[in-house]
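Trainee: Provide a 3D model corresponding to the input given below.
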Amino acid sequence: MRPSSLYFSVCLIAFATGVWGCLEEGGARQPRADAVAVLRPTEANTVEGVVRFAKTDKGIRVMARLTNLAPGLHGFHIHEFGDCRASDGTSAGGHFNPTGAPHAGPDTEQRHAGDFGNVLANDDGIATLDLVSELVRLDGPDSVIGRSVIVHADPDDLESQPSGASGARLACGVIGLAAR
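Mentor: A predicted model of the protein is given here:
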């Protein structure tokens, strides 16, 4: 078997067994997810999605695909508690902020570890995100495992304290270890 055929076969087996992430659109290889959050809508909303977290040499790669959003910008953050039981998502608490930094945008040096700024939904209500964060950890006392991801109704203004005035919580998902 040729190496490319072997890779395709492994990806096919991984897909069939529920491991998401061998191939992206266009056939590019993706890193395997180390953690995952499956987002479900809060009450009276329809937003859903999956967020994957993968270790890289430069930090943690965060890859998201969200659906059923209104076109435009929506705040996207990691929140402190892995609790999505409240119908409005408020049981997830505030932004994950282990260092006590001020709220800011994802490119600002001093910011919450959970500050990922905004996702942009297209006219079909689909938003994707692909970034690398040096503040997110998947182990140790500041790990995001067991915390939650929240998608908000409004854009994050990247400066209002304590959370960017992002509005209602449209979807919530607890971050857990991904299947290997």
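
Trainee: Please count neighbours and contacts with C-alpha atoms only from this point.
Mentor: Will do.

Trainee: Report the residue spans of this structure with pLDDT below the cut-off.
Mentor: Scanning the chain for pLDDT under 70 picks out 1-32, 180.

Trainee: got the domain boundaries for this protein?
Mentor: Per the record, the chain has its domains at 1-30, 31-177, by automatic domain parsing.

Trainee: what would those domains look like in JSON lines with mean neighbour count?
Mentor: Formatted as JSON lines, those follow (neighbours: other C-alpha atoms under 10 Å):
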{"stretch": "domain 1-30", "mean neighbour count": "12"}
{"stretch": "domain 31-177", "mean neighbour count": "19"}
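
Trainee: Next up, the contacts around R85.
Mentor: By C-alpha atoms under 8 Å, 6 or more residues apart in numbering, the residues touching R85 are S91.

Trainee: which SS class is it?
Mentor: Following DSSP: H, G, I helix; E, B strand; the rest coil, R85 is assigned to coil.

Trainee: Let me see the contact set for the spatially most central residue of the chain.
Mentor: Taking C-alpha atoms, centre = their mean, the centroid of the chain lies closest to V51, which sits 3.9 Å from it. Counting by C-alpha under 8 Å, 6+ apart, V51 touches V36, A37, V38, L39, V62, M63, A64, R65.

Trainee: List the contacts of the fifth one.
Mentor: What that stands for is V62. Contact analysis of V62 by C-alpha under 8 Å, 6+ apart lists V51, R52, F53, A54, L129, D130, L131, V132, S133.

Trainee: try it again with 7 Å
Mentor: V51, R52, F53, A54, D130, L131, V132 (C-alpha atoms under 7 Å, 6 or more residues apart in numbering).

Trainee: What segments of this structure are helices?
Mentor: For the chain, the helices defined by DSSP state H occupy 3-16.

Trainee: any chance of the contacts of V62 in a markdown table, with distance to L73 too?
Mentor: Below are those laid out as a markdown table (distance: C-alpha to C-alpha, whole Å):
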| residue | distance to L73 |
| --- | --- |
| V51 | 17 |
| R52 | 20 |
| F53 | 22 |
| A54 | 24 |
| D130 | 15 |
| L131 | 16 |
| V132 | 20 |
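
Trainee: Closest to I145 out of those?
Mentor: I145 has its nearest neighbour among the contacts of V62 in F53, at 9.9 Å by C-alpha to C-alpha.

Trainee: My guess is that closest one contacts A35. True?
Mentor: Yes - the pair F53 / A35 is scored as a contact, 5.0 Å apart, by C-alpha atoms under 7 Å.

Trainee: Contacts only, for the closest residue to F76 other than its chain neighbours.
Mentor: Leaving aside its sequence neighbours, F76 sits nearest to V151 (C-alpha to C-alpha, 6 or more residues apart in numbering; 4.8 Å). V151 is in contact with H74, G75, F76, H77, R169, L170, A171, C172, counting by C-alpha under 7 Å, 6+ apart.
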